[in-house]
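>>> 3D model of this:
(one chain, ligands or ions: 2)
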Amino acid sequence: MAVRDSASLLVGLVVLLHTWRAWAAVEVNMKDKVEVNLGEKAQIPCLYTSDDGIGGLTIEWFYEKGLGVKKRFFQQAGLMKTVDNSTHFTERISVNHSNNTMMLTIRDVKLEDQLDYICAVKGLTDGSGEGRTKLRVFVKPEPPTIEGVQNGISVNEEVTSLVGSCEVKNGYPRPNITWYKDNMPLRINKNEVEVESTVTTQSSGLFSVKSELKKKIVKEDKDALFYCEVTYFVAGSTMMSETRQINVNVLYPSTAVKIWVESPKGKIKEGDSIELHCKGDGNNPSSLFLIKYLKGNANWENDTVLLENVTRQNSGVYECISTNTENFEDISNNTEVFVNYLDPAVVMPNNVMVMAKGNELKATCNALSSLQTKTAWFKNGQEVSEGHTLILKNVTFDTAGVYKCVVTVPEIEGMTTSSSLRVHVEGQPEIMETPLTVIETFDKTVELVCDVRGYPAPTITWIVSDGMVPDSDNHMTTTDYGTKSVVMVDVTSNATAVCNASNEHGTDMRTFNIKAKTIIQTTTPAITTISSVTVTNTTTADITTNYSTTVTNTTTADITTNYSTTVINTTTAVITTNYSTTAATASPPKTIKKESNGFIIAVLIVCVLLLAILGSVLYFLYKKGKICGRAGKQDLTREKSSKDNIVVEMKSDNTEEAILLGVNGEKQPPNDQ
Ligand SMILES: *[C@@H]1O[C@H](CO)[C@@H](O)[C@H](O)[C@H]1NC(C)=O
Ligand SMILES: *[C@@H]1O[C@H](CO)[C@@H](O)[C@H](O)[C@H]1NC(C)=O
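Ligands and ions are numbered 1, 2, ... in the order given. Modelled structure (predicted):
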């Protein structure tokens, strides 16, 4: 009975409750969460249904921090809005109402706005309801940085070594760091790859993460690129960014070593400086190098050696030994060095040979070398023979002189040696051709040269006439072929100088005639005279005279005279004269005649006088023009140009055919012919 009563009571309560829910019609709908980036605007909608109009509703907004700490920050009762002033975001929020939606807007979202937001709606008759939204705030971290270790890491390290560290600062929520090697994420593996992360929380609530990569370094890591990838959340998605790539200075020991001659390139010769280099294929700077010269028992504790001014004694095997200082293992290699040589040239049988004329000379020249050589003989810079033997048949004075033999090694530039052979040919002195044996001079001293060949070297003496003495005693010099003497002689009058050259085989002499000249001869005699002048055999003569003049065999003569002039065998003569001129020319020379103003004026006066007399007497006779026509026309032309010298070109046959030339020399057609 009691059970039945209780059961029916329970059923009644359930039915009552159910019925109450049915007419208690306030319903609130909210999103579970809203995501927003720092600084942006967050909008949290609160959707309600109620039979009561807004006037009959009380809507409240709360935020909840942690569990149970609930604070109201907004209330709307009917049309009355109240914002609680005491919250941290009072001035950044607004609540708007439209169509059964209350919209909470938070501007410039801060990290501390990340809270639960509760919207509670209470109706006058409808009952009440509430909803809740989590606001999630995201902060994008700063770009990540990476730092590689500076010093080298040896592959011989037994534990993991720090490779580098990455850091990402000020993100929310916490960003993650992943290490990559050559675009592949590194897998954590104890004693091989280890990553250690430290997270720090700023007072602002932001996270900074630092991650260190430790790795057991192998030789292959020398070319590897390491970097970090950072993943972080933003509103609505996951983002990632990468650091730059770093590489590791991997130190690895050599497995092989090489030794070589760095310089000179190519074959080595005595006198060169040799640079030996030794290098291993490893890069561990703590390796030790030793270069050894096995034959000479010499050592250098270095990876390079400079051997200066080497000789053939430096030839031999050089060894390089590289020692790994971590495990004291040695590796070595060697190279053979060969220093080529060329000994001084030796002339056989002798360096000086005295030959009798007509004999044959045979000499050889040799130089010992490690390489093929080439020999040639030179005299006065000219090659006279190829090969190491010099044969001169039937020797003469021309054969005498210095023969230089040059031995070269064609394979190596600059490798050469030489020696010389002096050949004397015995015989009596021969004075060589002298350009001048007749010397005409205005100077007070003359230089005399006597160049003599013969062997033994002739002695030269000078015999100079009356009082002129050679200036010095040591006038002789020995030449390749004999003796040469140069003396200065004071000239006082015409004299002779004799060069006397003698040796045990005989004597030769040469006479020099010295003519002392006192008058300076020029090619252009300029003669002004009042007496007669005769000019013979000169190039150019310029003569002004008041008396008769004869010019013979002269190239050009310019004569101004008041008296008779004779020009014979002269190429060109310009004559200004008041009197008769005879030009007896040889063929083909031309004579140019110049007529003076005086002559023209005289002719003009005579003509004018004649015209005046004839004009007055025969005034009306019309034939007057015919009588004087030719002369008048000519005179007019002459008068016109009388200021300039009229040049008359005379033909060599001396006929009257004369061509009038213009002042500037151009030909004008003769106006009366
Ligand atoms: C970081 O790693 C943790 C643990 O693996 C993970 O739960 C979280 O989602 C990661 N965060 C990001 C931004 O990827
Ligand atoms: C030339 O010199 C030689 C030797 O000095 C001498 O014997 C000879 O008499 C000289 N001749 C003349 C012409 O002086």
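
>>> Name the residue of the protein that lies nearest to ligand 2.
Residue nearest to ligand 2 within the chain (Cβ to the nearest ligand atom): Asn500, separated by 3.6 Å. Glycine gets a C-beta too; all of them are placed from N, C-alpha and C.

>>> ok, and for the helix or strand hosting that residue, which residues are buried?
According to DSSP states H and E, Asn500 maps onto strand 495-503. By 16 or more other Cβ atoms under 10 Å, the buried positions in strand 495-503 come out as Ala495, Ala497, Cys499, Asn500, Ala501, Ser502, Asn503.

>>> got it, and stretch 275-295?
Applying a neighbour-count criterion of 16+ other Cβ under 10 Å, one finds 276-280, 282, 284, 287, 289-293 buried in stretch 275-295.

>>> coming back round to it: can you give the strand pairings for the strand holding Asn500, parallel or anti for each?
Note on strand 495-503: by DSSP bridges, its sheet partners are strand 459-464 (antiparallel), strand 506-516 (antiparallel).

>>> What score does Thr492 have for pLDDT?
Listed pLDDT for Thr492 reads 75.

>>> ok, it touching Ser465?
No. With contact defined as Cβ atoms under 8 Å, Thr492 and Ser465 do not form a contacting pair (10.3 Å).

>>> picking up where we left off before, next, format the strands paired with strand 495-503 as TSV and append mean pLDDT.
Formatted as TSV, the strands paired with strand 495-503 follow (pLDDT from 0 to 100):
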stretch	mean pLDDT
strand 459-464	87
strand 506-516	88
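
>>> out of the buried residues of stretch 275-295, what pair is the most spread apart?
The largest separation in those, counting by Cβ to Cβ, is between Asn284 and Tyr293 at 25.8 Å.

>>> Tabulate the strands paired with strand 495-503 (a markdown table), appending distance to ligand 1 and mean neighbour count.
Listed next are those as a markdown table, based on distance: least, Cβ to the nearest ligand atom, whole Å; neighbours: other Cβ atoms under 10 Å:
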| stretch | distance to ligand 1 | mean neighbour count |
| --- | --- | --- |
| strand 459-464 | 115 | 17 |
| strand 506-516 | 118 | 16 |
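
>>> Spell out which residues of the protein are next to ligand 1.
Along the chain, the residues adjacent to ligand 1 under the rule Cβ under 6 Å from any ligand atom are Pro175, Asn176, Thr231, Tyr232, Phe233, Thr238.

>>> Filter the residues you listed down to the buried ones.
Buried subset of the residues of the chain next to ligand 1 (neighbour count, 16+ other Cβ under 10 Å): Pro175, Asn176, Tyr232, Phe233.

>>> could the residues you listed be laid out in TSV, adding secondary structure and pLDDT?
As requested, those are exported to TSV (DSSP: H, G, I helix; E, B strand; the rest coil; pLDDT from 0 to 100):
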residue	secondary structure	pLDDT
Pro175	coil	96
Asn176	strand	96
Tyr232	strand	97
Phe233	strand	96
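
>>> and these, which two are the farthest apart?
Farthest pair in these, by Cβ to Cβ: Asn176 and Phe233, 9.9 Å.

>>> Can you tell me which residues in the stretch 401-550 of the chain are near ligand 2?
Proximity of the stretch 401-550 of the chain to ligand 2, by Cβ under 6 Å from any ligand atom, involves residues Thr461, Ile463, Asn500, Ser502, Thr507.

>>> In JSON lines, list these along with distance to Glu336.
Converted to JSON lines, those look like this (distance: Cβ to Cβ, whole Å):
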{"residue": "Thr461", "distance to Glu336": "68"}
{"residue": "Ile463", "distance to Glu336": "74"}
{"residue": "Asn500", "distance to Glu336": "69"}
{"residue": "Ser502", "distance to Glu336": "65"}
{"residue": "Thr507", "distance to Glu336": "68"}
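
>>> closest to Pro45 among those residues?
Distance to Pro45, by Cβ to Cβ, is smallest for Thr461 among those, at 140.6 Å.

>>> Tell me what that closest one is bridged to.
Asn500.

>>> Please verify my assumption that it contacts Asn500.
Yes. If you go by Cβ under 8 Å, Thr461 and Asn500 touch, sitting 4.7 Å apart.

>>> Render the CA-only coordinates of stretch 332-350 in CSV, please.
Presented in CSV, the C-alpha positions along stretch 332-350 are these (Å, rounded to 0.1, in the frame of the first residue of the first chain):
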residue,chain,number,x,y,z
SER,A,332,101.6,8.3,-44.7
ASN,A,333,102.5,8.7,-48.4
ASN,A,334,105.5,9.8,-50.4
THR,A,335,106.6,11.4,-53.6
GLU,A,336,109.8,11.4,-55.6
VAL,A,337,111.5,14.7,-56.4
PHE,A,338,114.1,15.0,-59.2
VAL,A,339,116.2,18.1,-59.6
ASN,A,340,117.5,18.4,-63.2
TYR,A,341,121.0,19.8,-63.7
LEU,A,342,123.1,21.3,-66.4
ASP,A,343,126.9,21.5,-65.7
PRO,A,344,129.0,24.4,-67.1
ALA,A,345,129.9,24.1,-70.7
VAL,A,346,133.5,23.0,-71.4
VAL,A,347,135.3,23.9,-74.6
MET,A,348,137.9,21.4,-75.9
PRO,A,349,140.8,21.5,-76.5
ASN,A,350,141.2,25.1,-75.2
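
>>> Could you check how far Asn96 is from Pro45?
10 Å (Cβ to Cβ, to the nearest Å).

>>> anything in contact with each of the two?
Taking Cβ atoms under 8 Å, 6 or more residues apart in numbering as the contact rule, Asn96 and Pro45 both touch Met102, Met103.

>>> Those two: which is more packed in?
Using other Cβ atoms under 10 Å as the criterion, Asn96 and Pro45 rank with Pro45 on top: 16 against 10.

>>> partner residues bridging that one?
Beta-bridge pairing of Pro45 under DSSP bridges involves Met103.

>>> can I assume it is in contact with Met30?
Yes. Using Cβ under 8 Å, Pro45 makes contact with Met30 at a distance of 7.1 Å.

>>> what sits against the residue lying closest to Thr145 once chain neighbours are set aside?
Nearest in space to Thr145, with sequence neighbours left out and distances taken as Cβ to Cβ, 6 or more residues apart in numbering, is Glu167 at 5.3 Å. The neighbours of Glu167, taking Cβ under 8 Å, 6+ apart as the test, are Pro144, Thr145, Glu147, Ser208, Val209, Lys210, Ser211.

>>> redo that, cut-off 7 Å
Residues near Glu167 by Cβ atoms under 7 Å, 6 or more residues apart in numbering: Pro144, Thr145, Ser208, Lys210.

>>> Please apply the same query to Thr396.
Listed by Cβ under 7 Å, 6+ apart, the contact partners of Thr396 are Lys357, Val425.

>>> ditto for Ser86
Under the criterion of Cβ under 7 Å, 6+ apart, Ser86 has no contact partners.

>>> and it, helix, strand or coil?
Counting by DSSP: H, G, I helix; E, B strand; the rest coil, the backbone at Ser86 sits in coil.

>>> Make JSON lines from the strands paired with strand 495-503 and add distance to Thr364 to it.
JSON lines is the format used below for those (distance: least, Cβ to Cβ, whole Å):
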{"stretch": "strand 459-464", "distance to Thr364": "34"}
{"stretch": "strand 506-516", "distance to Thr364": "33"}
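
>>> Next one: Ile246 from Cys228, what distance?
Remark: distance between Ile246 and Cys228 (Cβ to Cβ) = 10 Å.
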